[in-house]
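Student: what's the 3D shape of this:
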Amino acid sequence: MTAKLAVLISGNGSNLQALIDATAAGILPAQIAVVVSNRRGAYGLERARRAQVPACYHPLKPYRDAGRSRAEYDADLAALVMEYAPDWIVLAGWMHILSDSFLRCFPGRVVNLHPALPGQFPGAHAIDDALAAFGRGEIGQTGVMVHLVPDERVDEGPPLATETVPIHRGDTHGTLAARIHTVEHRLLVDTLRKLITNNCQPQLATGH
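Tutor: Presented below is the predicted three-dimensional model:
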């Protein structure tokens with residue numbers, strides 16, 4: 001079975017590149033149908049173009065400037081994504097909390113990658129939060145989680161896969177982020193491969 005993926009990004013797109021490489025090598029039985037970014041300067045858009053994957057820029061600012069709501073933005077984003085008929089929506093560094101206007105269009109089909117373990121350090125500063133907790137002696141490791149996104153709660157959806165990442169004395173944001181990214185690239189590909197090869201039906205995915 002070959003699945004169609006829509007990948008949403010906001011930045012560098014290193015996890016997108018991992019997906020591109022895995023699909024090209026036949027490791028991941030999937031086709032990336034479209035890449036969407038909410039930031040014009042996201043390097044992930046260039047990665048998509050180099051891989052000859054359709055790439056779209058969908059900014060929030062024009063909606064705000066026109067007094068339109070986030071729900072309207074998300075509804076239009078959903079309509080854009082639906083044109084490519086994806087089986088799974090992958091949030092790979094997507095820095096925008098999706099509302100029900102988007103999520104209800106893809107029930108049980110939105111997968112997010114987060115650089116922390118379940119219940120720890122939600123939000124955009126998870127790596128720095130983990131380093132701070134380590135410095136206070138509260139933790140000795142952090143991790144990576146791949147999870148479903150059933151609602152608007154931030155990084156709280158049902159986990160599909162997790163892996164711990166040690167924190168070393170003297171770690172900086174850069175050194176810890178590098179170890180986390182190495183795990184992210186592998187764990188995201190492995191998790192999506194299992195979802196696809198196990199023939200999971202998207203509408204049933206919330207049961208994982």
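Student: Output the longest helix belonging to the protein.
Tutor: helix 173-197 (DSSP state H).
Student: Tell me which other helices or strands it touches.
Tutor: Helix 173-197 sits against strand 3-9, helix 14-24, strand 88-91, strand 110-114, helix 126-135, strand 141-148, strand 159-166, with contacts defined as 3 or more C-beta pairs under 8 Å, 6 or more residues apart in numbering; DSSP states H and E. For glycine as for every other residue, the C-beta is placed from the backbone atoms N, C-alpha and C.
Student: Please tabulate those in TSV and include mean neighbour count as additional columns.
Tutor: Output for the helices and strands packed on helix 173-197, formatted as TSV (neighbours: other C-beta atoms under 10 Å):
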stretch	mean neighbour count
strand 3-9	24
helix 14-24	20
strand 88-91	23
strand 110-114	24
helix 126-135	18
strand 141-148	22
strand 159-166	16
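Student: Turn those into TSV, including distance to Leu80 and mean pLDDT.
Tutor: Output for the helices and strands packed on helix 173-197, formatted as TSV (distance: least, C-beta to C-beta, whole Å; pLDDT from 0 to 100):
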stretch	distance to Leu80	mean pLDDT
strand 3-9	9	98
helix 14-24	17	98
strand 88-91	12	98
strand 110-114	15	97
helix 126-135	28	97
strand 141-148	21	97
strand 159-166	25	97
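Student: so how far is stretch 142-153 from its chain's centroid?
Tutor: The chain centre lies 9 Å from the centre of stretch 142-153; the measure is C-alpha atoms, centre = their mean, to the nearest Å.
Student: Indicate which one of the helices and strands packed on helix 173-197 is closest to His181.
Tutor: His181 sits nearest to helix 14-24 of all the helices and strands packed on helix 173-197, at 5.9 Å, using C-beta to C-beta.
Student: what does the next helix or strand after the closest one rub up against?
Tutor: With elements assigned by DSSP states H and E, the helix or strand that comes after helix 14-24 is strand 30-37. Contacts to strand 30-37, defined as C-beta atoms under 8 Å, 6 or more residues apart in numbering, come from residues 2-10, 13, 16, 19-20, 23, 44-45, 47-48, 51, 53-58, 77, 80-81, 83-86, 88, 192, 196.
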